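Engineer: Got a predicted model here, sequence first, then my questions.
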Amino acid sequence: MKKNPTVREFDYQGDIWDKINQWAEAQSFKLKDSSSNDKLYKNFKTWTMVKIISQDNHVKIESWIPGPPLMVKILIPFLFFTAPEIMGLESGGFYASAGRKMSRNKVNPLLKMFDQKLIT
């Protein structure tokens, strides 16, 4: 299973933030943190995190699901050894497969807006 975020990078001319704000609202993502060049969004239903970095017409979109919190790992010791800290959204493996699928359904509309390869 992928222990890194899912990443898409591309060049884009123009202001991306209006499109991203429309996507975030439509998919129930809330802005968690931002600076002049990047924004971090979180969907509290699926726990999906999306970080978008835009600099000099280059865009990088990272998406992931955080692994279970420490308290859950303590209560279910098996997770201490099997659960990654973050999970990319690609399919494959049994761990959090339903959650990753729901997350892909939330992130893929964003990628589609910019004509990028969808996460499968």
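Structural biologist: Noted; the coordinates are in hand. Numbers count the residues shown, from 1 in each chain.

Engineer: which stretches of the protein form helices?
Structural biologist: For the chain, applying DSSP state H gives helices covering 17-26, 70-75, 78-82, 97-113.

Engineer: Quick one: work out the angle between the last one and helix 17-26.
Structural biologist: Put plainly, it is helix 97-113. 150 degrees (axes from the mean of the first three to the mean of the last three Cα atoms, to 10 degrees).

Engineer: Okay, buried residues for helix 97-113 please.
Structural biologist: Neighbour-count burial for helix 97-113 flags 100, 102-104, 106-108, 110-111 (criterion: 16 or more other Cβ atoms under 10 Å). To be clear about C-beta, it is placed using only N, CA and C from the backbone, and glycine gets the same treatment.

Engineer: Check those against residue 14 and report the nearest one.
Structural biologist: residue 110 (15.7 Å; Cβ to Cβ).

Engineer: Wait, the closest one touches residue 50, no?
Structural biologist: Yes. Using Cβ atoms under 8 Å, residue 110 is in contact with residue 50, at 7.2 Å.

Engineer: any residues in contact with both of these two?
Structural biologist: Counting by Cβ atoms under 8 Å, 6 or more residues apart in numbering, the contacts common to residue 110 and residue 50 are residue 61.

Engineer: Low-confidence regions, the chain specifically.
Structural biologist: 1-2, 68-83, 94-95 (pLDDT under 70).

Engineer: please redo it, this time with the cut-off set to 50
Structural biologist: By pLDDT under 50, the weakly predicted segments of the chain are 1-2.
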